Each structure stands twice: as C-alpha cells, then as structure tokens.
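K.L.:
Model the structure of this input:
(2 chains)
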Amino acid sequence: MTAAVPERPLPVFPEPDTEPFWAAAREHRLVYQVCLACGEIVFYPRRHCTGCMGGDLEWRESGGRGTIYTFTVIRQHGQPYFRERTPYVVGFIDLDEGFRMLAEIEADPAAVRVAQRVAVGWEDHAEVSIPLFRPDEAA
Amino acid sequence: MMARPAAAIAGVHEFPRRTAGGLSKLQIKAESARRALEDAGLTWSDVDAIYDAGEAGAMQGPAFAEYLGITPRVVDTTAVGGSSYEFHAAHAARDIAAGKASVALLTYGSTNRSESRAIGTRGRATAEPQPWSTMERPYGLTLIGNYALVARRHMADYGTTPEQLAEIAVTTRLHATRNPEAVAGLSDIGLRNVGEITIDDVLGSRLIADPLHLLECCIVSDGGGAVVIVSRAVAAGIRKPPVWILGTGEAVGYPGNHADITTTAAVRSGPEAFGEAGIRPDEIDVAMIYDSFTITVLALLEDLGFAKKGDGGPYVAGGRLRFDRPQDGPALNTDGGGLSSNHPGMRGIFLLIEAARQLRGESTAQVPAARLAVAHGNGGQLGTRHAAATIVLGRE
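P.N.:
Numbers count the residues shown, from 1 in each chain, chains lettered A, B, ... in the order given. As a prediction, the model looks like this:
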C-alpha cells in the first residue's frame, strides 16, 4: 500500500452557473458567454447578462490564446497538493475574445512576465479537465 | 468641514495582548466592550445599537446581545471581512443621524493565532460551491498571492519597485517599536527581531508569493477591540473629547473582464467620504490604512487621493509616512499596523481605535496637534472581490 498522493482540488458541484463551462472543458473546449441582446461578454459564466439584464446568452468557444494580465509565483501553501507543487505560477489571462480568467500558468517562474502570450492546455482528471495555460510557442 | 456631524467616537479599547491566553472570542469582545464603555463613561444599559461581523459564530446579533445582557433597538451584522468595522461605523453614524440609536457598540474578538490558522497561505474554504469558487478552486491562489497579483501589475504598469513597497513595512515597524503592546505582542507570537527593520531586511526575507516577501505580510495574532459611537446629545457628557465622524463612504470592487486591478474600491468610497466631510486628502494628519500587505497600502493611498495613480511608489519613498514628518503629509498606521502590531484576521476596528487615540493625543507615535484622520478598511481579497469603506474623523 502506498501513501495517498495529494490531488488537485477540483470544482465542486452542483453549481448550475458554471457546470456548462466544465462540461465543455471535459471535451477540451474553453467556452465563454456572449449576450445576444447587447453583445456583452460574460465571464465567469452566469444565467444573466451583467450588461443589460438580458437572459439570452450564447456559449462560444475561445481559441484558447491570450496574454498574461498579471501573475504571482506561489512559494508557500498550506494545502498538501499545492505545497508539493510550489513554486508555481497563477495569473489572470486576458483571452483574445475579451474575457479574463484566473488560471495556473505552467511556465518557468523565473521567465514568466506580464504581457507574455499563452495558450490553453488541459490536465485531465476522471470527472473533469482543468484548463492550464502555457507559453504560446506560436507567438 | 461638514457643518454639524451627528455622531462621534466616544470610547475605544484595544485588547492589549496578541495571544488570547485561553479567552474565547466572546470573552475578548465583552471585555473590550466593557472597557470601551468605561472609556466613554457609559454602561451596558446605555447601548441601544450593536454592530457585529459574526466572527464568533452564527446568529451573532441576538447571541451577542444576550451574552452582554442588553436589548438593542438596532442590530447590524454586516460582515465584509476586515473592512466590516468601517462599514459598521458608517452605519452607526447613519443610524444615529436618523434618530434610531444613541449609543452604538462595535466589537471584535479573534483567536486566529491560538487556532494556528494559516490565513494567508491557504485557499479559502467554501462551505457551498459558488460560480467563482468553482472557477478558482483548482488553481491554488493563496490570499497573499491574490494581493501579489495587484503588486505585479502595479510594477508592470508604473515601474513600482520592491524597495518602494518595502518602505511601507519599514515605516509601520518603526511605529510599532514605539508601541509597548505591539513590541510585547510581536515577541509573544515568536518574532526574533522586534526592533526596527530596513528595506534590505524586508527584501532579504523570503518570497511568499512573488513579488511579496514575508515582511510585507501582516502578522497573525489573536486580539480584539471595541468602539463606542454616540449621538451629539450623548457626546456632550462623555469623559474624553469626542472624535467626530465627518464623512463615510462604502464600495465594492471586482476585476471583471476589463477592470484595472491596481485600482481598488477606495476610488469610490474615498471621494464619497471626503466629499461628505468637506475636506481634502492633503488636510489629513493621520492615515489609518488597512495594511494586510504593503501593496494594499500603496494602492489605497493612491485611490484615496494622497498620490496620483501610479505615483504611490515615489510617494511613500524616503520615510515620508513616518509619524515625525507631519510636514510631508499624513502619518501612516501609527500603532504599527497589521504589518507589525495587530492582525487577528479582520483589522478594521484597530484603524478606528488608533485614529481616535491620535485625535485625542493618546498615541504612542503621536502626530503633534493631529486634527483630522482617515480610517480606510479593505475586506475580502484585493485582486478579486473586495469591500471598502472610508471614514473621515476629526476633533473639535
């Protein structure tokens, strides 16, 4: 018998606003919402438009490319999975479609920088896939 | 200045130790309440309004009233983290102005240190999944990391340096060394060096979440306190000079898809409070600014109007915020702040307490003839969602 390997904390359900996002993530699709009434981009996912109160939101698929808006290198964490993973990079990504997302950035902590181009990648778990961003080689 | 403020701080008490020594949160709250009422020359039975952030448990409004043995007419359980007490002060002033209350009691008690809560380096536990928590939970962003996101972007946009951020920790430590309760507290919670620190000391301490170093993070203590806010009629008979609430402002902030993360909700609560008070930031003698981390202070000083957005780094440089340089602008966190005196998790009440001490001439780092102070609380997490309230205070 081996010691349990700590696992990444995953989204907890039921959570009806974001479940469609995570369902798409299982298929390695990064999705966001656009209001069909006013064009507002809505993210994190919701059931209503934050711009016009409309309820007619369309799910769209992002190309998964964006720019690092800001980041930090986590060097101390009290939770076992993250403690083992330190140092790691977390930041806000401005996706090219116009939404901003918090995510881990799998990048060298010494080389990562604001305004760096990144592209989405996927970490598969049994029930869900987690989007992570990596430096965009095509950039 | 605002013509006739309706409410004043009449009594304050800061629980003197940074370790609870076996006392419960409720006991710290009640002891602090008793001492703050004594400070004002009032008693339990005078209290007709209570304000409580719920840190001691569920249904805290009725539970704490019962615990004290009082029957308030106003119960306000606004809970917005560390800024709760600035919200409470704003609400108390409003309730008193409306004639709903005459003696308002704000209390706080925490045993975070005794419970070994690693506040800054864990993700937030969430009882129930929320849209934002499902989106953020997999990524292991700590509370400190959340503030570090703001610091990193501030550096990228404005060229702010680690040395400039460190100045804030150096200044608050200087102030702490003059405060015997802070010195004893730092020693009690295990700090080896409780004397002054330098910029090199700050930058030589280990990185917790880049670009923030250990000495840029608030301490974790036990503690508590109480503030008594009274009507003009009650203020006429209190033991010490009243500290008038001249203006208040409240706001929330969140990043959305396009917001500037370096601009906090203080950009809205500040002008509201200063406008109501009818004074300008450059008239302020003492700035009690929520110092969970160095970057918190830098961003808030800008958003409150002490420096232009982006100029906070040069503004704080060279020890400008020390208590003994009143000609250069306000003194910062003269009790030693959350960075070096007292941070049991929700520091907002201490901002009001030290501002009142300054305006009464009772601080251990007294600004000569201090006349006007601002207390600005920030609750939640600066890089994601946060609450902010600004209270402008003055003496006669």
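K.L.:
now the strands: where do they sit in the stretch 101-250 of chain B?
P.N.:
Secondary structure of the stretch 101-250 of chain B by DSSP state E, counting those that start in this stretch: the strands cover B:103-110, B:207-209, B:212-213, B:223-231, B:243-253.
K.L.:
nearest to chain A, of those strands?
P.N.:
Judged by Cβ to the nearest Cβ, the one of these that comes nearest to chain A is strand B:207-209, at 4.7 Å. C-beta here means a position set from N, CA and C on the backbone, and glycine is covered the same way.
K.L.:
Tell me where chain A is predicted with low confidence.
P.N.:
Within chain A, the stretches falling below the threshold (pLDDT under 70) are A:1-3, A:139.
K.L.:
what's near enough to touch the residue most central in space within it?
P.N.:
Using Cα atoms, centre = their mean, the residue of chain A that lies closest to the mean C-alpha position is A:Ala103, 4.4 Å off. Going by Cβ atoms under 8 Å, 6 or more residues apart in numbering or on different chains, A:Ala103 touches A:90-91, A:93, A:131-133, B:139.
K.L.:
Need the buried ones from those residues selected in PyMOL.
P.N.:
Here is the PyMOL command that selects the buried residues among those (16 or more other Cβ atoms under 10 Å in any protein chain shown):
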select buried, (chain A and resi 90+91+93+131+132+133) or (chain B and resi 139)
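K.L.:
Among the contacts of A:Ala103, which one lies nearest to A:Leu10?
P.N.:
Distance to A:Leu10 across the contacts of A:Ala103 (Cβ to Cβ) is lowest for B:Tyr139, with 11.0 Å.
K.L.:
List, one by one, the residues from the stretch 51-200 of chain B near chain A.
P.N.:
With Cβ under 8 Å from any Cβ of the partner chain as the criterion, the stretch 51-200 of chain B meets chain A at residues B:118, B:121-123, B:126, B:129-142, B:144-145, B:148-150, B:152-153, B:156.
K.L.:
List buried members of those by neighbour count.
P.N.:
So, by 16+ other Cβ under 10 Å, the buried ones in those are B:121-123, B:129-142, B:144-145, B:148-150, B:152-153, B:156.
K.L.:
Keep only those of those that are in helices.
P.N.:
B:131-136, B:144-145, B:148-150, B:152-153, B:156 (DSSP state H).
K.L.:
now the residue nearest to the centre of chain A, which residues is it bridged with?
P.N.:
A:Gly91 (DSSP bridges).
K.L.:
Where do the helices of chain A begin and end?
P.N.:
A:19-26, A:80-85.
K.L.:
So which of these is the most surrounded?
P.N.:
helix A:19-26 (a mean of 17; mean count of other Cβ atoms under 10 Å in any protein chain shown).
K.L.:
which outside residues touch it?
P.N.:
A:11, A:13, A:30-31, A:44-45, A:59, A:61, A:122, A:127-131, B:134-135.
K.L.:
Buried ones from the residues you listed, can you make that a ChimeraX selection?
P.N.:
Those of the contacts of helix A:19-26 that count as buried under 16+ other Cβ under 10 Å are selected in ChimeraX with:
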select /A:11,30,31,44,45,122,128,129,130,131 /B:134,135
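K.L.:
Quick check: B:Ala370 touching B:Ala287?
P.N.:
No. B:Ala370 lies out of contact with B:Ala287 (Cβ atoms under 8 Å); the separation is 10.9 Å.
K.L.:
shared neighbours of these two, anything?
P.N.:
B:Ala331.
K.L.:
Is A:Arg134 in contact with A:Arg117, as I believe?
P.N.:
No. Checked against Cβ under 8 Å, the pair A:Arg134 and A:Arg117 is beyond contact range at 10.3 Å.
K.L.:
Tell me which of those two has more neighbours.
P.N.:
A:Arg117 (16 against 13; other Cβ atoms under 10 Å in any protein chain shown).
K.L.:
just checking, the more buried one touches A:Arg65?
P.N.:
Yes. Using Cβ under 8 Å, A:Arg117 is in contact with A:Arg65, at 7.0 Å.
K.L.:
all strands in chain A, in order from the N-terminus.
P.N.:
A:31-35, A:41-42, A:57-61, A:65-74, A:88-95, A:100-105, A:117-124, A:129-135 (DSSP state E).
K.L.:
So B:Leu23 is in contact with B:Glu31, correct?
P.N.:
Yes. Using Cβ under 8 Å, B:Leu23 is in contact with B:Glu31, at 7.4 Å.
K.L.:
near chain B, anything from stretch A:32-44?
P.N.:
Yes. Using Cβ under 8 Å from any Cβ, we find that stretch A:32-44 touches chain B at A:41, A:43-44.
K.L.:
tally of neighbours for residue 55?
P.N.:
Because you didn't say which chain, this covers chain A. Every residue meeting other Cβ under 10 Å relative to A:Gly55 is counted, giving 12.
K.L.:
wait, chain B
P.N.:
22.
K.L.:
Unless I misread the structure, it falls within a helix.
P.N.:
No. Membership of B:Glu55 in a helix is not supported by DSSP: H, G, I helix; E, B strand; the rest coil, which gives coil.
K.L.:
which ones are touching it?
P.N.:
So B:Glu55 contacts B:25, B:79, B:108-110, B:345-346 (Cβ under 8 Å, 6+ apart).
K.L.:
10 Å - rerun?
P.N.:
B:25-26, B:29, B:79, B:81, B:84, B:107-112, B:224, B:344-346 (Cβ atoms under 10 Å, 6 or more residues apart in numbering or on different chains).
K.L.:
do B:Pro314 as well
P.N.:
B:158-161, B:164, B:307-308, B:320.
K.L.:
Specify the local secondary structure of it.
P.N.:
Applying three-state DSSP: B:Pro314 is helix.
K.L.:
where does the stretch 51-200 of chain B dip in pLDDT?
P.N.:
Those would be B:119, B:122-127, if you go by pLDDT under 70 across the stretch 51-200 of chain B.
K.L.:
Thanks again, I'm all set now.
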